[in-house]
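In: Mind folding the following:
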Amino acid sequence: MARARKEATGNAVLAVADSVVSARMKRVRQQGTDPEVAVRKLVAALGARYRVGPKALPGRPDLANVSARWAIFVHGCFWHSHPGCSLATVPKKNRTWWTEKLSANVERDARKETQLRDLGLRVLVVWQCELREPDKLSRKLVRFLRVG
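Out: Numbering: from 1, shown residues only. Presented below is the predicted three-dimensional model:
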């Protein structure tokens with residue numbers, strides 16, 4: 001991967017660095033991530049039916065069943081700033097930009113969850129780190145989905 005080179009003008013360095021970071025960010029998957037697929041498998045094993053990322057719902061939850069009135073978001077601890085989680089760190093480089101970016105993600109998440117609740121759906125957030133304990137997560141899903 002290309003690195004930002006120091007050039008004659010200070011702004012040129014920023015432009016090169018921004019394009020490198022932008023290209024890297026575009027490669028981050030938004031659907032079909034390993035945590036999302038793992039949660040899908042757990043939900044399917046519980047016998048619950050769902051749609052993946054329905055466009056008609058605010059925030060396009062990762063899994064949703066409109067007739068059963070529920071939606072599940074699978075959040076990466078870093079990208080969604082999981083409070084108290086060791087995976088939710090802020091990078092040291094460009095800390096101000098990252099703080100603003102991650103704060104905007106948290107605000108957007110809260111707004112979308114509220115919109116879904118206003119539509120009468122129950123909302124569950126599954127954090128990436130919760131997948132470390134699949135039995136505990138499975139019990140949480142059973143309670144939420146009201147199955148078994």
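
In: wait, doesn't Leu116 sit right on Ala56?
Out: No. Using C-beta atoms under 8 Å, Leu116 makes no contact with Ala56, being 11.3 Å away. The C-beta positions use only the backbone N, C-alpha and C, and glycine is treated the same way.

In: what residue ranges in this protein score low on pLDDT?
Out: 1-17, 21-22, 24-30, 148 (pLDDT under 70).

In: mind listing the strands for it?
Out: 51-52, 63-65, 70-75, 122-127 (DSSP state E).

In: Tell me how the protein divides into domains.
Out: With domains defined by automatic domain parsing, the chain comprises 1-29, 31-145.

In: Which helix runs longest in this structure?
Out: helix 95-118 (DSSP state H).

In: quick one: that one to strand 70-75, angle?
Out: When axes from the mean of the first three to the mean of the last three C-alpha atoms, to 10 degrees is applied, the directions of helix 95-118 and strand 70-75 differ by 170 degrees.

In: CA atoms only for helix 95-118, dumped as CSV, please.
Out: Extracted C-alpha coordinates of helix 95-118, given in CSV (Å, rounded to 0.1, in the frame of the first residue of the first chain):
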residue,chain,number,x,y,z
ARG,A,95,-7.4,11.5,17.2
THR,A,96,-9.7,14.5,16.7
TRP,A,97,-11.0,13.2,13.4
TRP,A,98,-11.5,9.7,14.8
THR,A,99,-13.3,11.0,17.9
GLU,A,100,-15.7,13.0,15.8
LYS,A,101,-16.2,10.1,13.4
LEU,A,102,-16.9,7.5,16.2
SER,A,103,-19.1,10.0,18.1
ALA,A,104,-21.2,10.5,14.9
ASN,A,105,-21.6,6.7,14.6
VAL,A,106,-22.9,6.5,18.1
GLU,A,107,-25.3,9.4,17.6
ARG,A,108,-26.6,7.8,14.3
ASP,A,109,-27.0,4.4,16.0
ALA,A,110,-29.1,6.0,18.8
ARG,A,111,-31.2,7.9,16.2
LYS,A,112,-31.9,4.7,14.1
GLU,A,113,-32.7,2.6,17.2
THR,A,114,-35.2,5.3,18.3
GLN,A,115,-36.8,5.3,14.8
LEU,A,116,-37.2,1.6,14.9
ARG,A,117,-38.7,1.6,18.4
ASP,A,118,-41.1,4.4,17.2
